[in-house]
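*Asks:* my questions concern the predicted model and sequence given below.
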Amino acid sequence: MMNPRTFSQSSYDKNDNYAKTKIIPFLEKRGHQVVCDEETYKHDLITIKDGKEYYFEFEVKRNYPFTSVQDYKFPTVSFTGRKQRLHNIEPFFYMILCFETNTIVFCHSSEIYKDNNIVVLNLKKRDRKGIDTFYRVDKYKCTFVNLD
């Protein structure tokens, strides 16, 4: 059983490359050029567009399909607290990819990591148990985009 904040190599192996193969082409079509997508133990991806650097973090969600804000079944989008350390290094776009529908929901970390969004939960999942911090953002403050 893992502590909720412990890095999971198996989850990383299953999801990191998958998310990058889906999201990078989406960003490239919008004028982003990849600067770094190698593992640096910091941001998942750094791009440049119009002379400005952009930072991204990716997550893959399974078993909660959504295609838009209308069919997203929760009133808020939950972002992990452990990535706040990356916001403190360089603010970023936090993108959650729905495995079933190829849709992303995203928000900028400056909107996510605010005190009024904090929720502390006692997780009781099959593979993770314990206290963890999440940031819940009203789903209408997030952007939903289908990648197909």
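*Replies:* That came in fine, so what should we check first?

*Asks:* roughly how far out does stretch 28-36 sit from the chain middle?
*Replies:* With Cα atoms, centre = their mean, to the nearest Å as the basis, stretch 28-36 stands 18 Å off its chain's centre.

*Asks:* for stretch 130-144, that is, sorry about that
*Replies:* 10 Å.

*Asks:* and the end-to-end length of that stretch?
*Replies:* The first residue of stretch 130-144 is 30 Å away from its last residue (Cα to Cα, to the nearest Å).

*Asks:* now for the one helix or strand Ile46 maps to, which elements pack on it?
*Replies:* Under the criterion of DSSP states H and E, Ile46 resides in strand 45-49. In this structure, strand 45-49 packs against helix 9-29, strand 33-36, strand 52-61, with contacts taken as 3 or more Cβ pairs under 8 Å, 6 or more residues apart in numbering; DSSP states H and E. Placement of C-beta: from N, CA and C, glycine included.

*Asks:* can you give the contact residues for the second one?
*Replies:* The contact list for strand 33-36, computed with Cβ atoms under 8 Å, 6 or more residues apart in numbering, reads Ile24, Leu27, Glu28, Leu45, Ile46, Thr47, Ile48, Lys49, Glu53.
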